[in-house]
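K.L.:
Quick one, structure for this:
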Amino acid sequence: QVQLVESGGGLVQAGGSLRLSCAASGHTDSLNTMGWFRQPPGKAYEYVAMISWTGSTTDYADSVKGRFTISRDNAANTVYLQMNSLKPEDTAVYYCNSATGWSTYQRREFAAWGQGTQVTVSS
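P.N.:
Residues are numbered from 1 along each chain as shown. The predicted model follows:
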């Protein structure tokens with residue numbers, strides 16, 4: 001069974017930065033590709049970023065490209081999301097999730113989700 005626990009959310013002013021962490025445990029097959037989604041208040045879930053097992057391949061939503069960076073430390077079983085130049089529209093609950101591979105992640109066939117961490121950006 002895979003467990004994902006996010007941390008690092010909080011309140012920040014526009015233009016500021018936050019670093020989210022996602023601590024993972026469980027079968028590594030289910031942690032091959034990992035990523036982040038977010039859910040703004042009253043809106044649907046949005047894709048944010050994803051990263052391959054080795055970290056050599058990443059992908060970002062256009063809305064965060066150039067501002068957010070996803071990375072992972074497999075020795076620590078942790079995935080990070082560095083968020084810079086934050087905007088009020090980045091306000092959301094951020095969720096970490098995982099899949100057994102890049103293609104399965106792209107098909108949204110997730111193995112696990114975390115409980116989410118709140119990010120609030122004030123103007």
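K.L.:
going forward, measure contacts between C-alpha atoms and count neighbours the same way
P.N.:
Will do.
K.L.:
Setting aside sequence neighbours, what's the nearest residue to Gln13?
P.N.:
Distances taken as CA to CA, 6 or more residues apart in numbering place Ser122 nearest to Gln13, at 4.8 Å, with adjacent residues excluded.
K.L.:
residues of stretch 84-94 that come out buried?
P.N.:
Of the residues in stretch 84-94, those buried by neighbour count under the rule 16 or more other CA atoms under 10 Å are Asn84, Leu86, Lys87, Asp90, Thr91, Ala92, Val93, Tyr94.
K.L.:
end-to-end on it?
P.N.:
For stretch 84-94, the first-to-last residue distance is 15 Å (CA to CA, to the nearest Å).
K.L.:
what pLDDT, on average, does that stretch get?
P.N.:
Regarding stretch 84-94, the rounded mean pLDDT is 98.
K.L.:
again with stretch 28-41
P.N.:
Predicted confidence along stretch 28-41 averages 93 (mean pLDDT).
K.L.:
Need the residues that contact that stretch.
P.N.:
Residues from elsewhere that reach stretch 28-41, judged by CA atoms under 8 Å, 6 or more residues apart in numbering: 2, 24, 45-53, 70, 79, 81, 89-102, 105, 111-112.
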